[in-house]
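Asks: pasting the sequence and the predicted coordinates here, then a few questions.
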Protein chains: 2
Amino acid sequence: MDPIYNFSAGPAILPKEVLQQARDEMLDWHGSGMSVMEMSHRGKEFMAIAEKTESDLRELVGIPKNYKILFLQGGATSQFSMVPMNLLRGKTTADYINTGQWSTKAIEEASRYCTVNIAASSEDANFTYAPAQDKWRLNPEAAYIHYTSNETIGGVEFNWIPDIDPNGDVALVADMSSNILSRPLDVTRFGLIYAGAQKNLGPAGLTLVIVREDLLGMPIPGTPTLYDYQIHAKNDSMFNTPPTYAM
Amino acid sequence: MDPIYNFSAGPAILPKEVLQQARDEMLDWHGSGMSVMEMSHRGKEFMAIAEKTESDLRELVGIPKNYKILFLQGGATSQFSMVPMNLLRGKTTADYINTGQWSTKAIEEASRYCTVNIAASSEDANFTYAPAQDKWRLNPEAAYIHYTSNETIGGVEFNWIPDIDPNGDVALVADMSSNILSRPLDVTRFGLIYAGAQKNLGPAGLTLVIVREDLLGMPIPGTPTLYDYQIHAKNDSMFNTPPTYAM
């Protein structure tokens, strides 16, 4: 049968060459006698896979050394909680740009942990545009500014990166689940970037976080251990068993 | 090459027939023209897989209708937080049985959310035995009693289920990550059972929770939405994108 090109929301088509390689290695990865899914995540074979995944991504995107690359579970939805839990850092408010369904979900979750300032919204036109930055009403007391670089439901994409001083007190945070790696990316403009893997990176079950290391280590009280970025950063994303198949 | 039999801690050997089937279906699941990893989790193909996974497990174990079966992410480590966050239900203390490394991790995490009463421990003999129930010092005010039915590091297994009245106020909770499905299981003796998939069920990245439905719906304030069992129960584990490959 001819392959189906599924571009719909949620999991999407993967490169045929990747699936063929996964198929060919399913019962024996590189002569190890094991599937990747059968290996200890503490063993030298899987450690090599994990290290290569990180170094390939770091080279491809050009991610500086002062940014940690984390491979987590839970999808972008987990990040809706983890971002405020980790990045408030003693502050009590955050700026959010609302451009549609995914922004709205992020705002709802953040509202449980801080005062959310909707700095800009395109709700007035049924979420059909990305508000220009000169219309944003930013709060200088905000811990961070969050935006969704592409909204899969409404189809609204930012074709520009907000101009926020990376050396300032307010970190720029982006949910890039559905457009990451679709073009070159200047990571240094951001404090934190996150993306569920299933749109642009790989299979569902893996979540990528790229975070500047000075933002780590100040989670709010009650943050579950697995929701503390610093724990994962200190353990090279191996604090607990990672989703081995997805790397 | 002959297959390697990996029984070590963490991910372990999978049935050869399962890997062969995954291999054969990698580029085209049942004539759909897609890999399971490429399907929308809202599509009829994947919905059928998820429903069959649940109904097969319900039939195999004999799980009554008043127990929800949840397929989550995060491994047993996520459950170390989710159990107290959801099962305290207004109470402030829980009983834990300490039989080794995994119990200790569960206790450390629960201690962040409630007063933990170590009702019994085998630390006095370097975690080499399961304390007999007549030695347990249970607290009648406890919200639940947690034990680890098998400790992979120390090799201590309970070959009996604690005798706790299932109709009482104290729910019995077990981390069964490394011995679930190794024998028949009377689910009705428990309030909640959890297991990371990678030892006895499937690949890493999937976490099974079996929970009596009357225990749901009372998470502590600040519980991340994804850590609320009720959210997953109401959405048939599809509140967010599940780890599709692992089911």
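Replies: Received it, and whenever you're ready, just let me know what you need. Values in this document were obtained by computation on a predicted structure and should not be read as measured data. Numbering: from 1, shown residues only, chains lettered A, B, ... in the order given.

Asks: for stretch A:84-103, measure first residue to last.
Replies: Using Cα to Cα, to the nearest Å, the end-to-end distance of stretch A:84-103 comes to 14 Å.

Asks: avg pLDDT for that stretch?
Replies: Stretch A:84-103 shows a mean pLDDT of 98.

Asks: can you give me the buried ones in that stretch?
Replies: A:84-89, A:91, A:94-100, A:102-103 (16 or more other Cβ atoms under 10 Å in any protein chain shown). In this view, the C-beta of every residue, glycine as well, is placed from N, C-alpha and C.

Asks: chain center to stretch A:227-246: distance?
Replies: Relative to its chain's centre, stretch A:227-246 lies at 14 Å (Cα atoms, centre = their mean, to the nearest Å).

Asks: give me the contact list for the helix or strand of chain A with the lowest mean pLDDT.
Replies: The helix or strand of chain A with the poorest confidence is helix A:197-200; it has a mean of 94 (mean pLDDT, DSSP states H and E). Around helix A:197-200, the neighbours that count as contacts under Cβ atoms under 8 Å, 6 or more residues apart in numbering or on different chains are A:10-12, A:75, A:152, A:177-182, A:203-208, A:246, B:241, B:244.

Asks: show me what the helix or strand just after it is packed against.
Replies: Toward the C-terminus, helix A:197-200 is succeeded by strand A:207-212 as the next helix or strand (DSSP states H and E). Applying 3 or more Cβ pairs under 8 Å, 6 or more residues apart in numbering or on different chains; DSSP states H and E, one finds that strand A:207-212 contacts strand A:67-72, helix A:75-87, strand A:192-196, helix A:229-234.

Asks: 10 Å - rerun?
Replies: Other helices and strands packing on strand A:207-212, by 3 or more Cβ pairs under 10 Å, 6 or more residues apart in numbering or on different chains; DSSP states H and E, are helix A:44-61, strand A:67-72, helix A:75-87, strand A:171-175, strand A:192-196, helix A:197-200, helix A:229-234.

Asks: A:Val116 - how many residues pack around it?
Replies: Look at A:Val116: counted by other Cβ atoms under 10 Å in any protein chain shown, it has 21 neighbours.

Asks: A:Met47 touches A:Ser40, doesn't it?
Replies: Yes. Between A:Met47 and A:Ser40 there is a contact under Cβ atoms under 10 Å: 9.2 Å.

Asks: who's more crowded, those two?
Replies: Using other Cβ under 10 Å, the more surrounded residue of A:Met47 and A:Ser40 is A:Ser40, with 19 against 15.

Asks: find the nearest non-adjacent residue to that one, please.
Replies: For A:Ser40, ignoring the flanking residues on the chain, the nearest one in space by Cβ to Cβ, 6 or more residues apart in numbering or on different chains is B:Gly10 at 4.5 Å.

Asks: distance of the one you found relative to A:His41?
Replies: Distance, B:Gly10 to A:His41, by Cβ to Cβ, to the nearest Å: 5 Å.

Asks: who touches both of the two?
Replies: By Cβ atoms under 10 Å, 6 or more residues apart in numbering or on different chains, B:Gly10 and A:His41 have these common neighbours: A:Met238, A:Asn240, A:Thr241, A:Thr244, B:Gln198, B:Ala204.

Asks: any idea which of those is least confident?
Replies: Taking the shared contacts of B:Gly10 and A:His41 together, the minimum pLDDT is found at A:Thr244 (87).

Asks: run a quick neighbour tally on that one.
Replies: The number of residues packed near A:Thr244 is 23, by other Cβ under 10 Å.

Asks: wait, it sits on A:Ser35?
Replies: Yes. The criterion here is Cβ under 10 Å, and A:Thr244 meets it with A:Ser35 at 9.4 Å.

Asks: find the residues that touch each one of the two.
Replies: The contact lists of A:Thr244 and A:Ser35 share B:Pro11, B:Pro203, where a contact means Cβ under 10 Å, 6+ apart.

Asks: spell out the secondary structure type for the residue nearest to A:Ser40.
Replies: Under DSSP: H, G, I helix; E, B strand; the rest coil, the three-state class of B:Gly10 is coil.

Asks: tell me the phi and psi of A:Tyr144?
Replies: When quoted as degrees, to the nearest 10, the phi and psi of A:Tyr144 stand at phi -160, psi 170.

Asks: ok, it - contacts?
Replies: Applying Cβ under 10 Å, 6+ apart, one finds that A:Tyr144 lies in contact with A:83-84, A:86-89, A:91, A:93-96, A:110, A:114, A:164, A:169-173, A:191-192, A:215.

Asks: one more time with 6 Å
Replies: The contact partners of A:Tyr144, taken as Cβ atoms under 6 Å, 6 or more residues apart in numbering or on different chains, are A:Leu87, A:Ala94, A:Ala171, A:Val173.

Asks: nearest to chain B, of those residues?
Replies: The shortest separation between chain B and any of the contacts of A:Tyr144 is 14.4 Å, and it belongs to A:Leu87 (by Cβ to the nearest Cβ).

Asks: so who does that closest one touch?
Replies: A:Leu87 neighbours (Cβ under 6 Å, 6+ apart): A:Ala143, A:Tyr144, A:Leu215.

Asks: output those in CSV; the columns should cover pLDDT.
Replies: Below are the contacts of A:Leu87 laid out as CSV (pLDDT from 0 to 100):
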residue, pLDDT
A:Ala143, 98
A:Tyr144, 98
A:Leu215, 98
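
Asks: would you mind measuring from the residue most central in space within chain A to A:Ala119?
Replies: With the centre of chain A defined as its mean C-alpha position, the nearest residue by Cα atoms, centre = their mean is A:Tyr194, 1.4 Å away. A:Tyr194 is 19 Å from A:Ala119, where distance means Cβ to Cβ.

Asks: in which helix or strand does the residue lying closest to A:Ser8 once chain neighbours are set aside reside?
Replies: Leaving aside its chain neighbours, A:Ser8 sits nearest to B:Ser40 (5.2 Å; criterion: Cβ to Cβ, 6+ apart). Using DSSP H and E, B:Ser40 maps to neither a helix nor a strand.

Asks: low-confidence ranges, chain A, go.
Replies: Across chain A, the ranges flagged by pLDDT under 70 are A:1.

Asks: change it to 90
Replies: Residue ranges of chain A with pLDDT under 90: A:1-10, A:12, A:153-154, A:244-247.

Asks: save the shared contacts of B:Gly10 and A:His41 as CSV, and put in distance to A:Thr225 too.
Replies: As requested, those are exported to CSV (distance: Cβ to Cβ, whole Å):
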residue, distance to A:Thr225
A:Met238, 14
A:Asn240, 9
A:Thr241, 14
A:Thr244, 20
B:Gln198, 19
B:Ala204, 18
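
Asks: A:Gln79: which of those residues is nearest?
Replies: A:Gln79 has its nearest neighbour among those in A:Asn240, at 17.3 Å by Cβ to Cβ.

Asks: from chain B, how far out is the closest one?
Replies: The gap separating A:Asn240 from chain B is 4 Å, by Cβ to the nearest Cβ, to the nearest Å.
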